[in-house]
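*Asks:* here's a sequence, model it:
(chains A and B)
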Amino acid sequence: MLKCRTVWRKLAPLARTSSTVCRQNARRAGLNNGRLPACVPAGHMSTAPAGGGRENQLYVLLVGATCVGGAIYAYQTVKGDSQRYQDRIDEISSRPLKSFTEEPATPIQSEPPAVPEAAPSPEEPSPPAPGAEVLAPIKTADPAPGDESPASHKVSSHTPYLLIGGGTASFAAARSIRARDPGARVLIVTDEQVPPYMRPPLSKELWFSDDPSVTETLRFKQWNGKERSIYFQPPSFYINAEELQSAENGGVAVLTGKKVVHMDVRGNKIKLDDDTEISYDKCLIATGGVPRNLQVIERAGEEVMKRTTLFRKVEDFKSLDKVSRNVKSITIIGGGFLGSELACALGRRSTESDLEVIQMYPEKGNMGKVLPEYLSNWTTEKVKKEGVKIISEALVKSVVSKDDKLEIQLKDGRLVKTDHIVAAVGLEPNVDLAKSAGLEVDSDFGGFRVNAELQARSNIWVAGDAACFYDIRLGRRRVEHHDHAVVSGRLAGENMTGANKPYWHQSMFWSDLGPDVGYEAIGIVDSSLPTVGVFAKATAKDTPKAATEESGTGIRSESETEHTASSPVASSTPSPTGVQHKDEYGKGVIFYLRDKVVVGIILWNVFNRMPIARKIIKDGEEHADLNEVAKLFNIHDD
Amino acid sequence: MSSVREEGKDRIIFVTKEDHESPSSAELVEEDPNDPYEERGLILPSGEINWNCPCLGGMASGPCGTEFKDAFSCFHYSKEDVKGSDCLENFRAMQECMQRYPELYPQEDEKEQEQEQSSETKPTSQDSASTETSGANSSDSKEDSDTTQPNTEASGES
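*Replies:* Purely as a prediction, here's the structure:
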């Protein structure tokens, strides 16, 4: 306040001075142009008020003119802006009208060029829509049955729930959505020719089937004698894609043999490889992945590629089954889950025929990246007993086709001759849609980057092998196991129906290496981590076979829900062989530690204890003595 | 006596049955019964039915899902002396629907429904409530809806 007054006082004389100067200038200017008023002092005095008046008037006029001019300019600018704005709005709102009138007229299989022709005129300064897409969302409410084209058997152009990919995660999500949203309409789009199926039996149970027509039926006998199909549901479970819109209580429809090639996130729609467009309200991307191949094989040419199998799908199982009956030697490259399981499966077959089964990998032993070294070595011996020739520490240098056989040259000079190669060297997550959809891809783990609720962007979730998600307990990761696909698919389905739950229930995985060795695992199981293993001696009862016989299921994650260690387990008849394992690592628990916290657990030939393992990981506590923790598992009990 | 061996960063402990006889001194964090993140069993803490429970298999999601939900909800909230006696119409509708899909719902329907009804009368606290998945390919699954053993499902039943 005081400051203001001080400033004002200082300015006041200045103002007076400047105004005096102004007036003087004005006077001079004005008076020099015109008459010269008398420099008569007396006249001055007498005319002073008059002269002063004229000056004042001029002054007032000037200021007034400026003000008016400014006001006019301001008014015109504002007016012009609002006019421009109005033009723009009119322009934009006119577009949807044009496209709506276009839509019903053109058939569903509309060519995209038709729509941009109705799109804004070239003068429109806004940037053109990417590609040939229309900016206005084509969101039609569910039309009443009998609307538009009841007679045409076309796939509806809109679905509330769209699931891209027809695998385990997708099916689990479909089921979850249907359970939570009554009457939900779910559309699954898959590029495979078959409805959703489970993958684990393709490298395990299906190979042990006695049924000669197993490649057709795809049914496998579980240890307890009960049979089931690899398909989650028989075809009658699903409704036709064309009927989805009109089905009274909704349903799940599967569109097979179609690939999603483009995703328009702004417009909430996707485009298939046959140019069909389908719009959605909520979308799940569960595209899984594609098997990786070795560069040396890809570069090796047609003849080699013809004799190489990249194993993942039902067709691969069928073709490998056929191959295994017609060749003399198969080599599996890769020492992880898939490679080892296939090696054991084929090794079993080799006892019936004179098929030679070779498995080669860069690590020292089977599951070298998962199991601690001592256990990996022990496992390798087991795999050898299944009839497999192991070539460890093998790096493939080149593969050539010679005289109808394949010659694999290793970097250390060894040469392996074989008839057929199965490459099990990892999975490349399918992120083809990332570019068109504008979705983030993770550079460390691959796959679409999603948050803890599995969401990539509004209305888009990702689950299964393709999802790189944030695990609240264990950090960001990407998991390629069956149970994770089920858990994450279910969670995505829940979140698509409004649950907003993060990934919390830890998924597990399992593997069997022959009927005598099996393990279940949970969390981060990486052989580079320090481990603590607590072992007891195994009896004949501690085999995967016995575990499934007791629980009555073939799929290990199901058997988890059957029994816990606390419930009295009726001991079934022990397996007929009655062989005692003399090995040291018969059964036990292995803890994987990261900064002294248990982040992963393997239950080695110990079954139905997964809930305890899950609890330990969930707690995330530092335990001083892991032997005490191991006691919780009652490893000596049956 | 337990023996310990070190192999580089890995530690190996061998234990006999006697070694593990004494109770464990390991402490586990107490479970929060109201944890919103946890998987729930068949009945939610609010008393509502968890249609997404793996114990139901695919019953609530299949072609007869709506009929099943109506029938089971009616039964769950039924206050009659004979629980569910006011829900006969719903159950009949469900059965009719299931008969249309014999592949999905094998003919053990009636037996399963009875079992389901009787199991419902057991205390449905968070720790118990085991239901057999009624009908539907259930021959190979008997799943527990125990919240302390969260369910993961791998197979499909409708």
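
*Asks:* run through chain B and note the low-pLDDT ranges.
*Replies:* Residue ranges of chain B with pLDDT under 70: B:1, B:107-158.

*Asks:* switch the cut-off to 50
*Replies:* Within chain B, the ranges that satisfy pLDDT under 50 run B:109-111, B:114, B:118-158.

*Asks:* need the nearest residue in space to residue A:194, chain neighbours excluded.
*Replies:* On the basis of CB to CB, 6 or more residues apart in numbering or on different chains, the spatially nearest residue to residue A:194 that is not a chain neighbour turns out to be residue A:314, at 6.1 Å. C-beta: built from backbone N, CA, C; applies to glycine.

*Asks:* so that neighbour makes contact with residue A:201?
*Replies:* No. Proximity of residue A:314 to residue A:201 does not meet the contact threshold set by CB atoms under 8 Å, at 10.3 Å.

*Asks:* can you pull the contacts of the residue nearest to residue A:194?
*Replies:* Contacts were defined as CB atoms under 8 Å, 6 or more residues apart in numbering or on different chains; by that measure residue A:314 touches A:192, A:194, A:197, A:202, A:218, A:230.

*Asks:* among the residues you listed, name the ones in helices.
*Replies:* Taking DSSP state H as the definition of helices, those contribute nothing to them.

*Asks:* so which of the residues you listed is the most crowded?
*Replies:* Tallying neighbours with other CB atoms under 10 Å in any protein chain shown puts residue A:202 at the head of the contacts of residue A:314, with 25 neighbours.

*Asks:* any idea how far the closest residue in space to that residue that isn't next to it in sequence is from chain B?
*Replies:* Here the nearest residue to residue A:202 in space, its sequence neighbours aside, is residue A:317; by CB to CB, 6+ apart that works out to 4.6 Å. Taken as CB to the nearest CB, to the nearest Å, the spacing of residue A:317 relative to chain B amounts to 18 Å.

*Asks:* same list (the contacts of residue A:314) but as CSV, adding pLDDT and distance to residue A:422.
*Replies:* Putting those into CSV (pLDDT from 0 to 100; distance: CB to CB, whole Å) gives the following:
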residue, pLDDT, distance to residue A:422
A:192, 96, 20
A:194, 96, 21
A:197, 97, 20
A:202, 96, 12
A:218, 95, 19
A:230, 95, 19
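
*Asks:* returning to what we had before: what secondary structure does the residue nearest to residue A:202 sit in?
*Replies:* helix (DSSP: H, G, I helix; E, B strand; the rest coil).

*Asks:* hmm, back to that, phi, psi of the residue nearest to residue A:194?
*Replies:* phi -60, psi -40 (degrees, to the nearest 10).

*Asks:* now residue A:239
*Replies:* Comment: the main-chain dihedrals of residue A:239 come out as phi -110, psi 160, following degrees, to the nearest 10.

*Asks:* what pairs with it across the strands?
*Replies:* When assigned by DSSP bridges, residue A:239 has beta-bridge partners residue A:253.

*Asks:* near it, how many other residues are there?
*Replies:* Counted with other CB under 10 Å, residue A:239 comes out at 19.

*Asks:* chain B: helices as residue ranges?
*Replies:* Secondary structure of chain B by DSSP H: the helices cover B:65-77, B:88-99, B:109-120.

*Asks:* pull the number of nearby residues for residue B:81.
*Replies:* When counting by other CB under 10 Å, one arrives at 6 neighbours for residue B:81.

*Asks:* how near is it to chain A?
*Replies:* Residue B:81 sits 29 Å away from chain A when distances are taken as CB to the nearest CB.

*Asks:* in chain B, what residue spans correspond to strands?
*Replies:* Secondary structure of chain B (DSSP state E): strands at B:3-7, B:10-14.

*Asks:* which of these is buried the deepest?
*Replies:* Mean neighbour counts were taken over the strands of chain B using mean count of other CB atoms under 10 Å in any protein chain shown, and the top value, a mean of 20, falls to strand B:10-14.

*Asks:* which residues do residue A:314 and residue A:201 both contact?
*Replies:* Common contacts of residue A:314 and residue A:201 (CB under 8 Å, 6+ apart): residue A:230.

*Asks:* send the alpha carbons of stretch A:607-617 over as PDB?
*Replies:* As requested, the backbone C-alpha atoms of stretch A:607-617 are provided in PDB (Å, rounded to 0.1, in the frame of the first residue of the first chain):
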ATOM      1  CA  PHE A 607       2.500 -82.700  -5.000                       C
ATOM      2  CA  ASN A 608      -0.600 -80.900  -3.900                       C
ATOM      3  CA  ARG A 609       1.300 -78.400  -1.800                       C
ATOM      4  CA  MET A 610       1.100 -75.500  -4.100                       C
ATOM      5  CA  PRO A 611      -1.100 -73.400  -1.800                       C
ATOM      6  CA  ILE A 612       1.600 -73.300   0.800                       C
ATOM      7  CA  ALA A 613       4.200 -72.300  -1.800                       C
ATOM      8  CA  ARG A 614       1.900 -69.600  -3.100                       C
ATOM      9  CA  LYS A 615       1.400 -68.200   0.400                       C
ATOM     10  CA  ILE A 616       5.200 -68.000   1.000                       C
ATOM     11  CA  ILE A 617       5.700 -66.100  -2.100                       C
END
